[in-house]
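> structural data only, the sequence is not supplied:
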């Protein structure tokens with residue numbers, strides 16, 4: 001079980017750096033303040049974001065903001081080894097050796113200008129991962145106060161069980177949305193609820209606003225009616241759909257738009273009616289539930 005209290009919606013930083021918005025440290029500092037003002041206190045990172053540069057940019061912004069460390073929560077991940085200017089990798093691969101996990105966490109702490117991570121995740125499963133070695137690294141980091149909670153990202157239930165046999169797992173960050181609902185029906189969320197593992201959802205808006213196909217057209221038509229009914233935006237309704245699930249899922253919102261950040265917490269307050277929840281799932285499937 002988790003020891004850390006995270007905000008009901010997490011802000012993702014993957015797009016803050018050179019991979020997308022290329023925000024300046026001052027812009028990041030302002031965005032941190034906007035998030036905190038709107039009760040979004042948890043920030044999701046990974047060592048690879050911005051080709052290993054976004055953590056350090058965020059850290060400069062965080063230090064300049066003078067925000068107390070206790071007022072926010074920091075998540076980061078390691079394991080993916082990318083080909084990048086500041087890494088000596090010849091091919092993209094995974095590394096979950098004890099030495100790399102410890103080095104990576106300590107490097108994230110240095111970059112983020114913090115003494116500890118509230119949550120540390122393994123980014124993607126590796127066929128070569130050794131559960132014993134991972135557990136040793138995590139225990140050392142936890143005992144030294146460098147991480148509070150430990151979890152996984154994109155792990156199946158069987159892969160999670162492999163790790164969980166050696167060390168407690170508090171989170172699993174998976175892709176989940178109205179258009180990518182597989183964890184809800186393949187047993188993943190059942191497994192997490194059974195073992196006290198809290199899901200985080202990346203890409204919580206799915207493909208609705210990025211693709212034009214039969215599924216997204218059906219959903220957009222329904223959402224237009226729901227927007228009128230609830231007087232809230234489509235993105236708010238879609239986040240509320242995720243929050244309605246009993247697995248207590250935390251969506252990770254990737255927006256840097258201030259107006260959207262200001263409206264994110266409305267999804268927490270919205271009580272989506274049960275039939276509307278099923279209408280969204282039905283339109284996504286293209287059929288009624290059986």
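Alright, I've got the coordinates. Worth saying up front: this structure is predicted, and the values here are computed from it rather than measured. Numbers count the residues shown, from 1 in each chain.

> ok, and the closest non-adjacent residue to residue 153?
Setting aside the residues directly before and after it, residue 153 is nearest to residue 173 in space (Cβ to Cβ, 6 or more residues apart in numbering), at 4.0 Å. Placement of C-beta: from N, CA and C, glycine included.

> helices of the stretch 151-290 of the chain, residue ranges please.
Using DSSP state H, counting those that start in this stretch, the helices of the stretch 151-290 of the chain run over 157-164, 182-185, 188-194, 214-230, 234-243, 258-263, 266-269, 274-285.

> in TSV, list the ones you listed along with mean neighbour count.
Output for the helices of the stretch 151-290 of the chain, formatted as TSV (neighbours: other Cβ atoms under 10 Å):
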stretch	mean neighbour count
helix 157-164	18
helix 182-185	16
helix 188-194	18
helix 214-230	15
helix 234-243	23
helix 258-263	14
helix 266-269	17
helix 274-285	16
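
> how about the contacts made by the residue nearest to residue 153?
Applying Cβ atoms under 8 Å, 6 or more residues apart in numbering, we find residue 173 in contact with 44, 77, 121, 151, 152, 153, 154, 199, 200, 201, 202, 252.

> tell me which of the helices of the stretch 151-290 of the chain lies nearest to residue 36.
Among the helices of the stretch 151-290 of the chain, helix 258-263 comes nearest to residue 36, with 10.4 Å by Cβ to Cβ.

> same question for the closest one, mean pLDDT?
Averaging pLDDT along helix 258-263 gives 94.

> give the other helices and strands that it contacts.
helix 25-37, helix 234-243 (3 or more Cβ pairs under 8 Å, 6 or more residues apart in numbering; DSSP states H and E).

> want to throw those helices into a markdown table with distance to residue 285 and mean pLDDT?
Below are these laid out as a markdown table (distance: least, Cβ to Cβ, whole Å; pLDDT from 0 to 100):
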| stretch | distance to residue 285 | mean pLDDT |
| --- | --- | --- |
| helix 25-37 | 34 | 97 |
| helix 234-243 | 14 | 98 |
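
> could those be laid out in JSON lines, adding distance to residue 194?
As requested, those are exported to JSON lines (distance: least, Cβ to Cβ, whole Å):
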{"stretch": "helix 25-37", "distance to residue 194": "32"}
{"stretch": "helix 234-243", "distance to residue 194": "20"}
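
> who wins for proximity to residue 132 among those?
When these are compared by Cβ to Cβ, helix 234-243 sits nearest residue 132, at 34.5 Å.

> can you list contacts of that closest one?
Taking Cβ under 8 Å, 6+ apart as the rule, helix 234-243 contacts 8-9, 176-178, 201, 204-206, 208-209, 220, 223, 226-227, 230, 249, 251, 253, 260, 263-264, 266-268, 270, 272, 277, 280.

> swap the cut-off to 7 Å and go again
Where contact means Cβ atoms under 7 Å, 6 or more residues apart in numbering, the residues beyond helix 234-243 that reach it are 9, 176-178, 201, 204-205, 208, 223, 226-227, 230, 249, 251, 260, 263, 266-268, 270, 272, 277, 280.

> repeat for stretch 185-197
Outside stretch 185-197, the residues touching it (Cβ under 7 Å, 6+ apart) are 1, 157, 160, 164, 169-172, 174, 183, 199, 245-247.

> and the buried ones among those, selectable in PyMOL?
Buried subset of the contacts of stretch 185-197, written as a PyMOL selection, criterion 16 or more other Cβ atoms under 10 Å:
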select buried, resi 157+160+164+169+170+171+172+174+183+199+245+247
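
> nearest to residue 147 among the contacts of stretch 185-197?
Relative to residue 147, and with distances defined as Cβ to Cβ, the nearest of the contacts of stretch 185-197 is residue 170, at 10.6 Å.

> for the closest one, give me its contacts.
Contacts of residue 170 (Cβ under 7 Å, 6+ apart): 1, 2, 149, 150, 151, 197, 198.

> what about those, which are in strands?
Here DSSP state E is the test, and these give 149, 150, 151, 198 as lying in strands.

> could I get the residues you listed in CSV, plus columns for distance to residue 92 and neighbour count?
Listed next are the ones in strands among the contacts of residue 170 as CSV, based on distance: Cβ to Cβ, whole Å; neighbours: other Cβ atoms under 10 Å:
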residue, distance to residue 92, neighbour count
149, 27, 22
150, 24, 24
151, 23, 25
198, 29, 21
